[in-house]
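Novice: this is the structure alone, sequence omitted:
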């Protein structure tokens, strides 16, 4: 999420702020006004800094008061034209510079809806005045063009105590002609967390309270974050955290905790750990017997062994195959051929799952997905048709999963146009958000409209349907399966297929000559693997990390941009490097994370501050994803949690069936996305009201609790058979039943107090089964159950 | 987190609620009613949205073209209405008589003649985008206004068509799953007391739940999440335990004299339920009534079924609202996803095809000035005369009548500022009254 986006959007507030800032700056010398100021290097950055080209001001599509600037200054030429125009009074008037609207309006000499931004003595006024005096020149031609190649900021890191006054940030722009210039006055400064520190328009940072944040500096197309670290005060009774650890993760996390002097939470209990790691690695609650066994296991390496056991389980493969299908956008709702979407979704799931089981390199999975057209090179239409018919008919999807490539990615029906292909590609694999660049310069990153158009053009020749050369053959096939009345539609094709006839399939192909085809996707896949910009690995590592910690190392999981710096750069770098060196092995990554001390910390911490979550010094409460939550209720309510029929689970295959799954509507209310999203993270595990209503009194959950084959019904039957309902003896096993309800839901033993409370509730109930039913219901509706913690 | 600017009005209310409910044991209805007093009835704006699913013909309803050849005008004749110079189809006699109760917009046009896309468009007021899912009216109202504590903010009869889009499932309308039956309580499992539970037992069970749910002490960091979950559980309990809520969904509790004005079909009974829900404090009720996709068998279907039911159902709703004193606070929007082709097709049993370049929409109640006809179509009903009115303009008008600024800026899940109605301008003169 772009936190920053919100901060500089609402016009009024910002204008007010700018008035204050503007005034405070008037005292500054005007000595450093460049002579003459350049349009691109000084004027546009200044307008950006002042907020003139924001969406709420002149950057709005329709402009403001007849004056339109491109949003965040992406279109220099049209901005220059706009600054020269103005009728009857020109905005830039070099015959009478001080009469320019560009100066009169923002300095309050003429009415300006955007308020007074600076006064005639100010630096800003002088820069703009000098520019107008020098004939308001636009973009110079030829060699005069100066391009900024990098920003040099001093100091590069700010580490100071709250009562220190840190040095002012100075920004030097290095140009492409090997010269440089101090551009501090032309930079926009923004602090990510203003509770920790704030920054003024001159680059002066004020420290507010202990914590870590970044000042992000914007100038032209460059963005440069500067780390700000304000340590927590030393206290007599707590030693400074140790700066080292026993692995990639703890080394980096502990180093930063030590810098910040931030006390991490203690290690969580065994029961807590087992529940947490089971849910995170397999999407399932631990079996009640396993909880007891794990608690009683005295071996020092039991946590590590458990992690390895879980990573080797089928449940791991189900869970992470579904996870990757969701990341890649492979689900029934968008499969290429709507007649066969269920089969195609099933095959896609098994194709991915096999790779999860075999721990195939993530890079390889992506490249086999991205390089795939429907037909491998050289395959004829007839062979393609035959192969597709066979694939969709196969009794065992494992055969298909052995194929090298996955042919359904590019044909998905919501990404048929090139622009959506470009968006989904950058979103899925690179976590780069190009939506902004579709129309204007990305506000927090270097991506421009040209970058987007380049990627879009790349996909332009990719088509879906039947290539011109194969139309006849396809028509013949269609004619062969027409009904006696000559009808052909989706139903007719489906019926023919089910009757064992060969049916034609549309396909993804390139519209231009064949030589380019292979190159194109090869180029793309090679570009992604380039180690100089390992977006592929960063995006994945960050997303997997967020799965375990509730927060990414870069908090914006789908927007890896320079303007969103990581909360721990060493951690991200080391983990990404290690992941690449491991050969992009997911199990390596899971293991690194799950075995780290950071992951074993407790969620409880007396003096928790937001920094604990951000620095991974404490476990975070994380609401369960829809499918995991459903399965948890399922296993809590069935007779034997070890015997849950696989087809009733929502984690795994069912989660890609976003159309035919009978519980789809329920899943949607619990937060499962529709599956047709192009490039937005649609899944929200937020505990919403619709989700709460389902759990509280929804028919599905009620049915599970009262299911004739369920645990509660079993208790009723047992009581009936024994004929001892409400007899004094029945009280004897009540504590066991209550304990069982706890183990089934929150995966721990009840405390003495909880046991007593439940016991008296049950004793006051009509019968034991009713009492236990309500205890089970109450636990399912408790936060301890609904959250991973 | 994501939608902070939207939740502001709700926060105060929620805080109020939780403050009120921290008191002993259970949540009493009176506490919620007191919460309601913070938002007096007269300030509450509600909406009823009727989607004529499938796309009704404008020519066969509110925009007849008697002067055109028969393959255009079809079998039906026009009748005059309460408005001078304005005629409707002969099969809408009651609406013709009640024409002063609503405003008719004739020259609406857009470019999406696909059912799915068209519905998304008319239910949001913004052309569907592949990268961003706009919220339907009901979801927007959920975020902008406060519903009664023991009721869902908005209700969809029977199901929601568009959904909450970028506002998130939190703001999805509550689905009844079915149309109500005359004189019966609607059987909605989520609102029905579980077998064997009575109100005291429900209270007792809720107390057990709360007493067991004590494990987590909220720190400053997690308070929003944990407290939010708590509030949702409280709302779930209050919805389930509220007699008022059950009564609102129970048509058998309606006064026979009032209920008798409503026919027995889906639209009429849906309308009656909508009135009861709005009266109880639901913000937006969406009724989706199908059957309008008349590619063939046009005449009998419209004449015998669709038009009479629509005529009776909508008239009863528009007449029922003022009888309950709800007319000024409730805006009614009636729309299909598009109109139908001006020319009748040549199928054996003829019909009309999808047609989005000319259609009608209808607004009533709230501060909508009734008895107006806005816009005009050409002689065959193929194109609007003058500037077409867009679904965006109607949406802007609709929101304005609900005192929601059409220029309101929402935040998308990825933090982009999104204007509620991007391209629409409220239609001049429509929202004058009140």
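Specialist: Yep, that arrived. The structure displayed is predicted, hence computed values, not measured ones.
Novice: and the helices in the stretch 251-400 of chain B?
Specialist: B:256-259, B:266-280, B:298-300, B:307-323, B:391-401 (DSSP state H, counting those that start in this stretch).
Novice: take those helices and write them to JSON lines, including distance to chain A, mean neighbour count and mean pLDDT.
Specialist: Quick note: C-beta positions are derived from backbone N, CA and C, even for glycine. Converted to JSON lines, the helices of the stretch 251-400 of chain B look like this (distance: least, C-beta to the nearest C-beta, whole Å; neighbours: other C-beta atoms under 10 Å in any protein chain shown; pLDDT from 0 to 100):
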{"stretch": "helix B:256-259", "distance to chain A": "28", "mean neighbour count": "12", "mean pLDDT": "96"}
{"stretch": "helix B:266-280", "distance to chain A": "16", "mean neighbour count": "24", "mean pLDDT": "97"}
{"stretch": "helix B:298-300", "distance to chain A": "22", "mean neighbour count": "17", "mean pLDDT": "89"}
{"stretch": "helix B:307-323", "distance to chain A": "27", "mean neighbour count": "21", "mean pLDDT": "97"}
{"stretch": "helix B:391-401", "distance to chain A": "14", "mean neighbour count": "26", "mean pLDDT": "96"}
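Novice: find the nearest non-adjacent residue to residue A:225, please.
Specialist: residue A:565 (4.0 Å; C-beta to C-beta, 6 or more residues apart in numbering or on different chains).
Novice: one step back: to residue B:193, which of the helices of the stretch 251-400 of chain B lies closest?
Specialist: helix B:266-280 (18.2 Å; C-beta to C-beta).
Novice: pLDDT weak spots in the stretch 501-650 of chain A?
Specialist: A:512-519, A:531-532 (pLDDT under 70).
Novice: kindly report the residues of the stretch 451-600 of chain A close to chain B.
Specialist: A:558-559 (C-beta under 8 Å from any C-beta of the partner chain).
Novice: quick check: end-to-end length of stretch A:615-624?
Specialist: One end of stretch A:615-624 to the other measures 22 Å (C-alpha to C-alpha, to the nearest Å).
Novice: wait, does it contact chain B?
Specialist: Yes. Shown here: stretch A:615-624 in contact with chain B (C-beta under 8 Å from any C-beta) through A:620-621, A:623.
Novice: now do stretch A:756-765
Specialist: Yes. Against chain B, stretch A:756-765 shows contacts by C-beta under 8 Å from any C-beta at A:757-758, A:761, A:764.
Novice: before we move on, the earlier item: closest to chain B out of the residues of stretch A:615-624 next to chain B?
Specialist: Nearest to chain B out of the residues of stretch A:615-624 next to chain B is residue A:621 (C-beta to the nearest C-beta; 5.3 Å).
Novice: wait, doesn't the closest one sit right on residue A:787?
Specialist: Yes. When contacts are counted by C-beta atoms under 8 Å, residue A:621 is listed as touching residue A:787 (4.7 Å).
Novice: follow-up on the earlier one: any idea how far residue A:226 is from the residue nearest to residue A:225?
Specialist: Per C-beta to C-beta, to the nearest Å, residue A:565 is found 9 Å from residue A:226.
Novice: joint contacts of these two?
Specialist: A:214, A:216 (C-beta atoms under 8 Å, 6 or more residues apart in numbering or on different chains).
Novice: what's near enough to touch the residue nearest the centre of chain A?
Specialist: For chain A, the residue nearest the mean C-alpha position is residue A:557 (3.0 Å; C-alpha atoms, centre = their mean). Contacts for residue A:557 (C-beta under 8 Å, 6+ apart) come out as A:431, A:542-543, A:546, A:681.
Novice: now the residues of stretch A:756-765 next to chain B: which count as buried?
Specialist: Among the residues of stretch A:756-765 next to chain B, the ones that count as buried by 16 or more other C-beta atoms under 10 Å in any protein chain shown are A:757-758, A:761.
Novice: now render these as TSV, adding distance to residue A:205 and pLDDT.
Specialist: Shown next, in TSV, are these (distance: C-beta to C-beta, whole Å; pLDDT from 0 to 100):
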residue	distance to residue A:205	pLDDT
A:757	53	96
A:758	55	97
A:761	57	97
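Novice: re earlier: residue A:251: which of the helices of the stretch 251-400 of chain B is closest?
Specialist: helix B:391-401 (54.5 Å).
Novice: any idea of the mean pLDDT for the helix or strand following that closest one?
Specialist: Where DSSP states H and E defines the elements, the next helix or strand beyond helix B:391-401 is strand B:409-411. Averaged across strand B:409-411, the pLDDT comes to 86.
Novice: could you do stretch A:45-55 as well?
Specialist: pLDDT averaged over stretch A:45-55 gives 87.
Novice: and if you look at stretch A:243-250?
Specialist: The model assigns stretch A:243-250 a mean pLDDT of 84.
Novice: can you give the distance of stretch B:283-293 from its chain's centre?
Specialist: The chain centroid and the centroid of stretch B:283-293 are separated by 8 Å under C-alpha atoms, centre = their mean, to the nearest Å.
Novice: need the strands for chain B, in chain order.
Specialist: For chain B, strands defined by DSSP state E occupy the ranges B:46-52, B:78-80, B:87-89, B:102-108, B:154-157, B:174-175, B:284-289, B:330-336, B:339-340, B:354-355, B:359-365, B:373-374, B:409-411, B:417-419.
Novice: low-confidence regions, the chain specifically.
Specialist: Here I'm looking at chain A. Using pLDDT under 70, the flagged stretches of chain A are A:1-31, A:141-145, A:435-448, A:512-519, A:531-532, A:680-682, A:723-732.
Novice: sorry, should have said chain B
Specialist: B:1-42, B:218-221, B:414-415, B:432-434.
Novice: next one: the residue nearest to residue A:225 from residue A:272, what distance?
Specialist: Distance from residue A:565 to residue A:272, by C-beta to C-beta: 32 Å.
Novice: when those two are compared, which one has more neighbours?
Specialist: Of the pair residue A:565 and residue A:272, residue A:565 is the one with more neighbours under other C-beta atoms under 10 Å in any protein chain shown, namely 22 against 19.
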